[in-house]
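J.: Output the structure for:
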Amino acid sequence: MLNAARGAEGNLAQKMAKTAESYFKTDLHANRTMARLGATLIKRGSRLMTYCNAGSLATSGLGTSLGMIRYAHYQGKVEHVYPCETRPYLQGSRLTLWELMQGGVPATLITDNMAAHLMKTRRIDAVIVGSDRIAANGDVCNKIGTYGLAILARHHRVPFYVVAPTSTVDLSTPDGSRIPIEERGADEVLRIFGHPIAPVGARAHHFAFDVTPHALVTAIVTERGIVKPVNGRTLHKVLS
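T.: Here you go, the predicted structure:
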């Protein structure tokens, strides 16, 4: 948008509006394509787990990971979805669960620390997440807690899918270790919606994101194709 503004001639507002509309249409098309491609990875009668929010509220269309789930649901493939609550902002319970309910997708909320138990005691057929940034080698940066889910999925032999547009891929970052991890204010962990849940004077970490090594990712779904197996070579092949 800044580039559009700098290069604008004549009516600035009109130029900015046209650029925004073009971006919206591009993102909408990418969402629909990822949803269609991703749904091919889902078998009929699947029970799915997802994390954070990567749905319509976060994008211009169906969403990324949630778009894949919703499209598979439209095809009659989804038996049930388990969104994790996603501490500390609770995007899973406040946003993802709401979107699933609005779309008529059968869903049951679980706390983040229930994921392992559910994978062990109830059949989970796939874990599907979005991504904020993907390194050139396929390492995936996403909401804190994603890495742990990927480890659990590998132990229980559950496919772990990442759904993200190619704009998320940063080829200038060779691997996930080069992605800076933001640490936000501790008060957001020590309180929930303003209410304290820890003793006065307590300290807390609040790392906002973590990095999942590409070796733990079964496939990355993009609007240009599915990256599988996930590594730098296959990622570059799909991008090109």
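J.: ok, the residue positioned nearest the centre of the chain to A8 distance?
T.: Residue closest to the average C-alpha location in the chain (C-alpha atoms, centre = their mean): G130, at 1.5 Å. The gap separating G130 from A8 is 32 Å, by C-beta to C-beta, to the nearest Å. For the C-beta atoms, the positions are set from N, CA and C on the backbone; glycine is no exception.
J.: Now do the SS call for A116.
T.: helix (DSSP: H, G, I helix; E, B strand; the rest coil).
J.: Look up how far H156 lies from it.
T.: 8 Å.
J.: All the strands of this structure, residue numbers only.
T.: Counting by DSSP state E, one finds strands in the chain at the ranges 46-50, 78-83, 126-129, 133-135, 140-143, 160-163, 169-170, 191-192, 195-196, 209-212, 219-222, 225-227.
J.: got CSV for those, with mean pLDDT and mean neighbour count too?
T.: Output for the strands of the chain, formatted as CSV (pLDDT from 0 to 100; neighbours: other C-beta atoms under 10 Å):
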stretch, mean pLDDT, mean neighbour count
strand 46-50, 98, 24
strand 78-83, 98, 22
strand 126-129, 98, 26
strand 133-135, 98, 25
strand 140-143, 98, 25
strand 160-163, 98, 27
strand 169-170, 98, 18
strand 191-192, 94, 14
strand 195-196, 96, 8
strand 209-212, 98, 21
strand 219-222, 98, 26
strand 225-227, 98, 20
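J.: out of the ones you listed, nearest to V238?
T.: Closest approach to V238 among the strands of the chain is made by strand 225-227 (4.5 Å; C-beta to C-beta).
J.: Right, I'll call it a day here.
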